[in-house]
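Model the structure of this input:
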Amino acid sequence: MVVLGHTRWASVGVISEPNAHPLNSDELTRPSGSYVAAALNGDVDNHHDLRAEHALALPDEISTDAKVIPTLAARRLADGAPAGEAWLETVRRLEGSVAVAASLAGEPDRLHLALRGSGQALYVGLAEDAFVVASEPYGLVQETARYVRMDGEATQGQVLVLERDGAGTLAGMERRRYSGAALPLAAEEVAAAGITTRDIDRGGFPHFLVKEIFQAPGSLRKTLRGKVLPLPGGRLGVGLAPDTLPAEVVDALAAHRIRRVAVIGQGTAAVA
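Got it, this is the predicted structure:
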């Protein structure tokens, strides 16, 4: 059995159910050559260009960049490309730093992975009769301490196919470079996690994600402590030190001399 899931909201597009991952290959006016579902971590910088270049007929309510991935893969499958080549040709078209996983209906016993760039990571855990894929070892250690880490930077991109036959072993993994050249796995690439489930303090919560959700209000309060101050009349005001917000910037904002503020380096957190 292959299960593909993701706890990520889109960092491109609004936060909505249609934009939640995984995304499928369905189009409005074109039958899919093969049903494909894919999940993305990272950003497809050229997704608008890909939509236009291939005239993808996508629903208006889906604005996330991830939608182009399964749709393009399904198009290549409809053209008769073998699954592995369709996947490789699809991820080659994606500009940006990406980690992607996809399940193709025509190959229910395989999971296709791709990684390029240094902004994301993919760890493939070798469990008993199973592969477990996560973005960091914390997501693996409940099932296994042994893993292989994909490298999307030194090799200019990798694709990896996980086979149900051979699950949990190197024999069930087929790795290639983005160029298509084979990149066999060696036994010495299997690493052991330096953490255990004891290092992941879930408290009384069944999952760490649930714990993070319930801790969010307290985290926000701690972040704002000392920066949001009470004012007379029950109002709140911002109190930032001059080295954080210089007086000349405050004066310029008050005088409306600054008309535009660009906030950078926040990623998905800024969207949320």
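
where's stretch 241-250 relative to the chain centroid, distance-wise?
When distances are taken as CA atoms, centre = their mean, to the nearest Å, stretch 241-250 is centred 36 Å away from the chain's centroid.

Could I get the contacting residues of the nearest residue to Thr196 once chain neighbours are set aside?
Counting by CB to CB, 6 or more residues apart in numbering, Val141 is the residue found nearest to Thr196 once chain neighbours are left out, at 5.8 Å. Bear in mind the C-beta positions are built from the backbone N, C-alpha and C, glycine included. Each residue near Val141 by CB atoms under 8 Å, 6 or more residues apart in numbering is listed here: 193, 195-197, 199-200.

and with 10 Å instead?
Residues in contact with Val141 (CB atoms under 10 Å, 6 or more residues apart in numbering) are 125, 132, 134, 147, 193-200.

Need the three-state assignment for it.
On the three-state scheme (DSSP: H, G, I helix; E, B strand; the rest coil), Val141 is labelled coil.

try Arg175
Looking at Arg175 with three-state DSSP, the answer is strand.

which residues pair with it across the strands?
Leu160 (DSSP bridges).

and the contacts of Val141, which are buried?
The neighbour count (16 or more other CB atoms under 10 Å) marks 125, 132, 134, 147, 193 as buried among the contacts of Val141.

Leu72 versus the second one, what's the distance?
Between Val132 and Leu72 the distance is 27 Å, computed by CB to CB, to the nearest Å.

for the stretch 101-250 of the chain, what spans make up the strands?
110-116, 123-127, 130-134, 146-149, 158-163, 173-177, 191-192, 228-230, 236-238 (DSSP state E, counting those that start in this stretch).

could you dump the ones you listed to TSV with mean pLDDT and distance to Thr90?
Listed next are the strands of the stretch 101-250 of the chain as TSV, based on pLDDT from 0 to 100; distance: least, CB to CB, whole Å:
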stretch	mean pLDDT	distance to Thr90
strand 110-116	96	8
strand 123-127	96	20
strand 130-134	95	18
strand 146-149	96	23
strand 158-163	97	10
strand 173-177	96	14
strand 191-192	94	29
strand 228-230	88	46
strand 236-238	87	46
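
Could you work out which of these reaches nearest to Val263?
Nearest to Val263 among those is strand 236-238 (15.3 Å), distances taken as CB to CB.

which outside residues touch that closest one?
With CB under 10 Å, 6+ apart as the criterion, strand 236-238 contacts 224, 227-231, 245, 250.

contacting residues around stretch 189-198?
With CB under 10 Å, 6+ apart as the test, stretch 189-198 has contacts from 123-126, 136-138, 140-149, 151, 169-170, 175, 199.

Just list whatever residues bridge to Arg110.
Partner residues in beta bridges with Arg110, using DSSP bridges, are Glu163.

shouldn't it be in contact with Val2?
Yes. With contact taken as CB atoms under 10 Å, Arg110 and Val2 are classed as touching, separated by 7.3 Å.

between these two, who's got more neighbours?
With other CB atoms under 10 Å as the criterion, Arg110 and Val2 differ in neighbour count, and Arg110 comes out ahead with 20 against 16.

measure that one to Glu143 for me?
Applying CB to CB, one obtains 20 Å for the distance of Arg110 from Glu143.

go on, Ala134?
Here the criterion is CB to CB. By it, Ala134 lies 10 Å from Glu143.

shared neighbours, these two?
Contact criterion CB under 10 Å, 6+ apart; residues shared by Ala134 and Glu143: Gly125.
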